[in-house]
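**Q** build me a model from this:
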Amino acid sequence: MRWWTTGFLALWLGLFAAACTQARSANPGPAALPQPQVWAQAFTPTPPPTPSPTWTPTAACLAGRVLEGNDAVYTLAPKGPQNHVWVVENRGACPWEGKLILAIAPGSTLARTRQVPLPTPVPPGGQVRITLQFTAPQEFGESQGRWGLMTGDGQVIPLVNGPMTLRVTVPTPTPIPSPTPFRGALLFAYRTVDLTPGQLVNFDDGQVEVEYGYNGPNDQGLGHVGDHVFFVRTYEWPPMFDTCYYAPYDGVTNAILNPQNKIGWVYCFTTNEKRVGALVIQRFYVQRGTPHLVITYLTWAPKNPNLP
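**A** Below is the predicted model of the structure:
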């Protein structure tokens with residue numbers, strides 16, 4: 001091999017190597033992908049808002065529950081109207097509107113159907129006060145009222161703890177089977193009466209003796225009926241028989257004026273049949289616009305022919 005052939009080959013190899021080196025420098029190849037990052041962040045969950053109290057109705061449209069007033073017992077003498085209140089909750093899914101009806105339930109002896117106007121609708125979960133006005137019966141013993149609840153159009157409202165109940169006991173008064181000695185003489189009558197304007201009282205068994213008259217708060221009184229009724233004030237209750245038998249009735253008053261200002265005062269009286277007795281003014285009150293005067297009186301059996 002000639003020198004120039006050898007030299008040319010070496011030169012070519014050198015140039016080739018340089019070219020490859022330059023090519024590698026110009027094309028370094030694909031860049032490495034970035035590695036994924038991992039981090040943690042404190043997280044305090046926001047608490048959900050406190051829900052407002054809500055009513056969860058029963059599946060039924062109409063249902064109720066008596067919250068207050070059931071099984072009440074009254075012990076009363078026969079007298080004027082009384083009020084009783086129940087508190088009832090709407091336990092159903094439908095509102096109560098317009099009016100309700102208290103309907104007689106089986107087993108009632110003190111009951112009748114009543115309509116109860118509602119001032120506002122009672123929504124599910126709402127409550128209503130139902131006031132019943134009743135009067136104690138005239139018969140002695142116990143009476144019971146039991147009512148169911150209905151809508152104004154006659155749909156029954158089941159009461160989960162019903163029915164609505166009320167009991168009234170009228171006690172039997174202590175009888176006076178026959179006249180008995182009382183503060184010095186036999187007793188003819190002994191009663192407590194609740195008087196309203198125009199009401200008459202017979203102190204024994206003959207002619208009526210007095211009438212409760214009322215023309216206004218300061219113009220009222222217990223006035224005589226007949227010509228032989230007189231009053232004399234005394235200071236003991238009950239007085240002795242002799243106190244009233246010998247009281248100075250001649251020329252004294254035949255009326256007790258403005259008794260509302262004389263609570264606790266005691267008077268001896270005479271009757272048209274010429275018996276004597278005594279009364280005490282116990283109470284004055286106004287109920288539903290009507291004045292009431294409560295007195296207790298006793299009348300002795302003996303007559304006094306010398307009375308005026």
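
**Q** distance between the ends of stretch 185-203?
**A** Distance between the two ends of stretch 185-203: 16 Å, counting by CA to CA, to the nearest Å.

**Q** what's the offset of it from the middle of its chain?
**A** 34 Å (CA atoms, centre = their mean, to the nearest Å).

**Q** buried ones in it?
**A** By neighbour count on 16 or more other CB atoms under 10 Å, the buried set for stretch 185-203 is 185, 187-190, 194-195, 201-203. For glycine as for every other residue, the C-beta is placed from the backbone atoms N, C-alpha and C.

**Q** got a list of what the closest residue to residue 296 other than its chain neighbours touches?
**A** Nearest non-adjacent residue to residue 296, counting by CB to CB, 6 or more residues apart in numbering: residue 192, 4.4 Å away. Listed by CB atoms under 8 Å, 6 or more residues apart in numbering, the contact set of residue 192 reads 282, 294-296.

**Q** pLDDT at residue 192, what is it?
**A** pLDDT, residue 192: 92.

**Q** so how far is residue 133 from residue 297?
**A** For residue 297, the distance to residue 133 equals 30 Å [CB to CB, to the nearest Å].

**Q** follow-up on the earlier one: ok, which pair from the buried residues of stretch 185-203 is furthest apart?
**A** 185 and 194 (26.9 Å; CB to CB).

**Q** let me see the domain layout of this protein.
**A** Split into domains by automatic domain parsing, the chain comes to 64-170, 181-303.

**Q** lowest average pLDDT across these?
**A** Comparing mean pLDDT across these, the lowest value falls on domain 64-170: a mean of 84.

**Q** end-to-end on that domain?
**A** Start-to-end span of domain 64-170 (CA to CA) is 31 Å.

**Q** for the stretch 101-250 of the chain, what spans make up the strands?
**A** 114-117, 127-134, 141-151, 156-157, 164-170, 181-182, 185-195, 200-201, 210-214, 220-224, 231-234 (DSSP state E, counting those that start in this stretch).

**Q** find the centremost residue of this structure, please.
**A** residue 85 (2.8 Å; CA atoms, centre = their mean).

**Q** so who does the residue nearest to that one when sequence neighbours are not counted touch?
**A** In space, and not counting its chain neighbours, residue 85 is closest to residue 131: 5.1 Å by CB to CB, 6+ apart. Residue 131 is in contact with 83-85, counting by CB under 8 Å, 6+ apart.

**Q** which phi and psi values does the residue lying closest to residue 221 once chain neighbours are set aside adopt?
**A** Once flanking residues are discounted, residue 221 sits nearest to residue 257: 4.3 Å by CB to CB, 6+ apart. With angles defined as degrees, to the nearest 10, residue 257 sits at phi -90, psi 140.

**Q** rewinding a little: out of the strands of the stretch 101-250 of the chain, which gets nearest to residue 276?
**A** Per CB to CB, nearest to residue 276 of those: strand 185-195, 8.8 Å.

**Q** contact partners for the closest residue to residue 255 other than its chain neighbours?
**A** Nearest residue to residue 255, sequence neighbours excluded (CB to CB, 6+ apart): residue 223, at 4.3 Å. Contact analysis of residue 223 by CB under 8 Å, 6+ apart lists 210-211, 213, 254-256.

**Q** ok, residue 223 to residue 239 distance?
**A** Noted for residue 223: a distance of 22 Å to residue 239, by CB to CB.
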